[in-house]
Every structure is written in structure tokens, then in C-alpha cells.
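In: let's see this in three dimensions:
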Amino acid sequence: MSISLKGKTGGYRTKSGRSKIHGGYYNNIWMDSSWEIIFAKRLDELNIKWNRGNFKFPYINEKNELRNYYPDFYLPDRDLFIEIKGYWTSQIRHKMDGALAMSKFQLKILESVEEINQFN
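Out: Okay, the predicted model is just below:
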């Protein structure tokens, strides 16, 4: 089953944190974007265990400040973190690269609804 949305949707949030424009609740869990909601539904369809939560990885931002990166999803049975990313900036790329370099975790980035629908 393929899940799709019509119109302008995606992973981009106008501000960091909880955007009321693109986010919403799924099973009483806040999702920051419509794409994250689609992905959570996809995982449930596939009976894949997932968590949203308090996972954080340090990185040094472009101002040489210590910050934390919070991945969108964690799949415990695969020891895999998932990032839903429909919009890229140089700061986001720097954050991802820095967090991966400092912590060495497994991360898969999904960049379209098509990739989300094909995830298995």
C-alpha cells in the first residue's frame, strides 16, 4: 500500500522544533512533519518497531559550539536511525556530518515520499 499526500507537503519545517503548519500527532506522538507521519504509518504497516525520542548525538556547529542532533526515528531491531529530510541547508549538512563523525551511528536519510513508501 502506497501512502501519498497531494499538494505542498514535506519534511521542511519553517522553524526548528514543533511546526504547527506541517506537523501533527500520530498515535499520540508528535511528528514534526507530514512526511514523518507517513513514515510512522509505513513502519506500522510493516510491523517494524520504532521509537521517537530522546536519542541525541553531539556535534560542533559552524560557530564552534557544542550542540546535539536528534534523529527522527530509531528502529531498535535494526539498530538504525532514520532522518526524514525534504529540505537541505548547509547548516543541516554540517550537523549531520558532524554528528556522524563524532558518534559513529547508523543513519539512513529518506528524502522523498517515494523513498518512504519504498522503505522495507
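In: going forward, measure contacts and count neighbours with C-alpha atoms only.
Out: Noted.
In: in the protein, what spans have low per-residue confidence?
Out: By pLDDT under 70, the low-scoring segments of the chain are 1-21.
In: quick one: the strands in it, in order.
Out: For the chain, the strands defined by DSSP state E occupy 24-26, 29-31, 57-60, 66-69, 73-75, 80-84, 107-110.
In: would you convert those strands into TSV that also reports mean neighbour count?
Out: Formatted as TSV, the strands of the chain follow (neighbours: other CA atoms under 10 Å):
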stretch	mean neighbour count
strand 24-26	14
strand 29-31	17
strand 57-60	19
strand 66-69	14
strand 73-75	19
strand 80-84	19
strand 107-110	16
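In: for L43, find the nearest of these.
Out: strand 73-75 (9.3 Å; CA to CA).
In: H22: neighbouring residues, count only.
Out: For H22, the number of neighbouring residues by other CA atoms under 10 Å comes to 20.
In: can you list contacts of stretch 77-87?
Out: Applying CA atoms under 8 Å, 6 or more residues apart in numbering, the contact partners of stretch 77-87 are 10-12, 35-36, 49, 71-75, 105-112.
In: picking that back up, and the strands of the chain: which comes nearest K41?
Out: Here strand 24-26 is closest among these (CA to CA), at 8.2 Å.
In: so how far is that closest one from its chain's centroid?
Out: 14 Å (CA atoms, centre = their mean, to the nearest Å).
In: now do stretch 73-93
Out: The answer for stretch 73-93 is 4 Å, by CA atoms, centre = their mean.
In: of all the strands of the chain, which lies closest to S90?
Out: Among the strands of the chain, strand 57-60 comes nearest to S90, with 13.7 Å by CA to CA.
In: how far does that closest one sit from its chain's centre?
Out: In terms of CA atoms, centre = their mean, the centre of strand 57-60 is set 16 Å apart from its chain centre.
In: ok, and what's touching it?
Out: L66, R67, N68, Y69, Y70, K95, G98, A99, M102, S103.
In: right, and the third one touches K56 too?
Out: Yes. N68 is in contact with K56 according to CA atoms under 8 Å; the separation is 5.8 Å.
In: what's the overlap in contacts for those two?
Out: By CA under 8 Å, 6+ apart, no residue touches both N68 and K56.
In: need the helices for the chain, in chain order.
Out: 34-45, 90-103, 113-118 (DSSP state H).
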